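**Q** Take a look and give me a structure for this.
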Amino acid sequence: MFLMSSAQRRSPALDDMGLRERWRRARLGIYGGALTGVYGLTNLHPAVWKGLVRTYRPAFDALARRHARLSCAYAAVDVPAYRDLVRRTGATGHRRLSDFPETTKDNYVTVYDEVSRCQHGELDMVGTVVDESAGSSGRPFNWVRGKRELRTVYRNTSCYTELVFPARRPFAINAFSMGAWATGTTTGTAMARIAMVKNTGPDVEKIVDTLTHFGPGFDYVVSAYPPFLKHLRDRLDAVGFPWAEYRIRGMVGGEPMTEALRDYLQERFEIVRSGYGASDLSIGIGAETGFTVWLRKELMSDAELRHELLGPDEQRLPMIFQYNPLETYLETNERGELLCTVNSSHVLQPKLRYNVGDEARLFSLRDVRRLVRRDPDRWERLAEVKDERMSLPLLFLFGRKDSTISYMGANIYPQDVEYGLYNDNPAAAAIARFCLTIEEQADLEPRPVVNIELRPDAELDDDGRAELAQRCRDGVLRHLATVSRDFAQSLSEDPTAADLRVRVVRPGEGPFAAADQKIKNTYLVRQS
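**A** Prediction:
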């Protein structure tokens, strides 16, 4: 899609506001500012933040929803772009949150310029940071964040890290990209509030040198994309790193992580936790806890619980996070897509029922725990879990709706392929990354191909690559037949459905030739 330049995009103003609209804007601004001020009390001390996330009650949901509606109502008279969108879509009444229009990249971000999407139609200059998204949607976008909203992001990130990774001598190694990408610079600044920080970026050798130089006398937390954390583990293993002498934890984000990869990482890292955010919205919208990790693993093996929470036909295993609706109100539309409204008057460019394209479901913690408690054995297993005791609601995140390959009537998801590649695979250390393609064979039949790129230090001859390909093929087929009833049915009806091709290539070859400059892995390659 061709994006319009700033000069070509719409730039409405607020100069035609009447007296009634001005009064409404003033009244809503005072109300919203007061609520934001109350939430801002968590800035006083990390203990206040921890107290809130541990004492959240379902009754707060109504307040959060009311604040989200207030945020949209205020923006409809204060943010020029949203005011224009509301008028153009013909939205009237605005008695409910659902009366306000959704915002997306297509109907909002690419239509209006940066200034008109700001509060009061004014772009604060001092202290404002411009982030860039990673371009997973096709092309990078720029996002401006004011200094007041950044303080909230820093607080949430640092308080969560202290809660999940308690440490006596904390040393944070920030391995996210340190360019214009939002996650890297934001994470580094946030972690500096609670730890000594080194911003290495995604440089394996620099991290190896750092760990060796400073030695085992620190409590390390390495933050990175999940695949990079695997690269780091494999590289440290290759150089004979003394893992037992160190205490190293992992904090990942930016893309989903399978339990197979988590288990692989936690053979070396003490604990690995993931967070959910989006450059479009904010960093740290949701985060994993001991309970959510246990619940996700339980859904893999407990068919009854899976049926009750996900339904009989859902083969995917979602990431599960806890989130704070008082700050980030989440809802889903009729298509099951996640909508986000940031409940704060400190946001320079308000995020209003923003649809980032992720498919999700929302649950209260009380309802999920009630289901878990029905089975005494299940409840006893939960009692053994080390948990941070957050009482926040749950976000079940399935990811982007278009991240599948359809084959023989079944949907193949990258996460399921990753399970097959890493689960009980002694050769997993040789894998750098993978991607999926559908390729037409000589018999004119399209077949899925799992392309595997080797690590640079993986010394495999032709026989070794063939053995790795066969091992990975068997693992992926076994996992797909287990989690996908459609795929299992295809196998029983047509044995050729098992003709899953696995191609092992050297670094930078095949579909990975043009991928070296990408920050995130690309798991689906659409070929003409």
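**Q** Which of the helices or strands spans E388?
**A** Using DSSP states H and E, E388 falls within no helix or strand.
**Q** doesn't V164 make contact with it?
**A** Yes - E388 lies in contact with V164 (C-beta atoms under 8 Å); the separation is 6.1 Å. Placement of C-beta: from N, CA and C, glycine included.
**Q** joint contacts of the two?
**A** The contact sets of E388 and V164 overlap at T289 (C-beta atoms under 8 Å, 6 or more residues apart in numbering).
**Q** Next one: R57 from K50, what distance?
**A** Counting by C-beta to C-beta, to the nearest Å, the separation of R57 from K50 is 16 Å.
**Q** and if you look at A34?
**A** A34 is 24 Å from K50, by C-beta to C-beta.
**Q** neighbour count winner among those two?
**A** K50 (18 against 10; other C-beta atoms under 10 Å).
**Q** and the gap between that one and V164?
**A** In terms of C-beta to C-beta, K50 sits 11 Å off from V164.
**Q** all helices for the stretch 101-250 of the chain, in order.
**A** 147-164, 182-191, 204-214, 226-238 (DSSP state H, counting those that start in this stretch).
**Q** most neighbours per residue, which of those helices?
**A** Mean neighbour count (mean count of other C-beta atoms under 10 Å) peaks for helix 182-191 among the helices of the stretch 101-250 of the chain, with a mean of 24.
**Q** how many degrees apart are that one and helix 147-164 in direction?
**A** 70 degrees (axes from the mean of the first three to the mean of the last three C-alpha atoms, to 10 degrees).
**Q** which residues touch helix 182-191?
**A** For helix 182-191, the surrounding residues in contact (C-beta under 8 Å, 6+ apart) are 129, 131-133, 143, 150, 153-155, 157-158, 161, 172, 174, 176-178, 197, 199, 201, 221, 223, 253-254, 277, 279, 283.
**Q** what about burial for the residues you listed, which qualify?
**A** 129, 131, 133, 143, 150, 153-155, 157-158, 161, 172, 174, 176-178, 197, 199, 201, 221, 223, 253-254, 277, 279, 283 (16 or more other C-beta atoms under 10 Å).
**Q** What is the three-state secondary structure of the spatially most central residue of the chain?
**A** For the chain, the residue nearest the mean C-alpha position is Y276 (3.5 Å; C-alpha atoms, centre = their mean). Three-state call for Y276 (DSSP: H, G, I helix; E, B strand; the rest coil): strand.
**Q** give the contact list for it.
**A** Contacts of Y276 by C-beta under 8 Å, 6+ apart are G253, G284, I285, G286, A287, M319, F321, Y323, L395, L397.
**Q** element containing the last one?
**A** Per DSSP H and E, L397 falls inside strand 394-400.
**Q** OK, contacts around T210?
**A** Neighbours of T210 in contact, by C-beta under 8 Å, 6+ apart: I173, K198, T200.
**Q** now those residues: which count as buried?
**A** Buried among those by 16+ other C-beta under 10 Å: I173, K198, T200.
**Q** if we can go back for a sec, so which of the contacts of T210 is the closest to Y112?
**A** T200 (37.3 Å; C-beta to C-beta).
**Q** The closest one against A175, yeah?
**A** Yes - look at T200 against A175 with C-beta under 8 Å: they come within range, at 5.7 Å.
**Q** Return every residue with contacts to both of the two.
**A** I207.
**Q** Ranking helices and strands of this structure by mean pLDDT, which lands last?
**A** In the chain, the helix or strand scored least confidently by mean pLDDT, DSSP states H and E is strand 405-407, which has a mean of 65.
**Q** Relative to the whole chain's centre, how far out is stretch 168-188?
**A** With C-alpha atoms, centre = their mean, to the nearest Å as the basis, stretch 168-188 stands 16 Å off its chain's centre.
**Q** Next one: the residue nearest to N425 when sequence neighbours are not counted relative to L421, how far apart?
**A** Spatially, and ignoring its direct neighbours in sequence, N425 is nearest to G475 (5.8 Å; C-beta to C-beta, 6 or more residues apart in numbering). Plainly put, G475 is 6 Å away from L421 if you go by C-beta to C-beta.
**Q** Parallel or antiparallel, which strands does the helix or strand containing L339 pair with?
**A** Per DSSP H and E: L339 is located in strand 337-342. The pairing partners recorded for strand 337-342 under DSSP bridges are strand 328-332 (antiparallel), strand 354-363 (antiparallel).
**Q** Can you tell me what sits against that strand?
**A** Residues outside strand 337-342 that contact it (C-beta under 8 Å, 6+ apart): 68, 71-72, 97, 102, 149, 281-282, 285, 327-333, 350-360, 395, 397, 401.
**Q** And stretch 22-36, by the same measure?
**A** Contacts of stretch 22-36 (C-beta under 8 Å, 6+ apart): M17, H67, L70, S71, A73, Y74, V77, D78, N343, S344, S345, H346.
**Q** if we go to 6 Å?
**A** H67, L70, A73, Y74, V77, D78, S344, S345 (C-beta atoms under 6 Å, 6 or more residues apart in numbering).
**Q** Next, the angle strand 337-342 makes with the strand or helix carrying the second one.
**A** With elements delineated by DSSP H and E, L70 resides in helix 60-78, which encompasses its position. For helix 60-78 and strand 337-342, the angle between their directions (the same axes, to 10 degrees) works out to 70 degrees.
**Q** for helix 60-78, packing partners?
**A** Helices and strands touching helix 60-78, by 3 or more C-beta pairs under 6 Å, 6 or more residues apart in numbering; DSSP states H and E, are helix 19-39, helix 80-89.
**Q** which of those is buried the deepest?
**A** helix 80-89 (a mean of 20).
**Q** contact partners of that helix?
**A** P12, A13, L14, A75, A76, P101, Y112, S116, R117, G121, L352.
**Q** Ignoring the adjacent residues along the chain, who's closest to V476?
**A** Excluding the flanking residues, the one nearest V476 by C-beta to C-beta, 6+ apart is G420, at 3.2 Å.
**Q** ditto for I173
**A** Once flanking residues are discounted, I173 sits nearest to V222: 4.7 Å by C-beta to C-beta, 6+ apart.
**Q** E418 too?
**A** Per C-beta to C-beta, 6+ apart, closest to E418 is T258, 4.6 Å.
**Q** how close does that neighbour get to M319?
**A** In terms of C-beta to C-beta, T258 sits 9 Å off from M319.
**Q** ok, now R87?
**A** Counting by C-beta to C-beta, the gap from R87 to M319 is 37 Å.
**Q** Nothing else from me, thank you.
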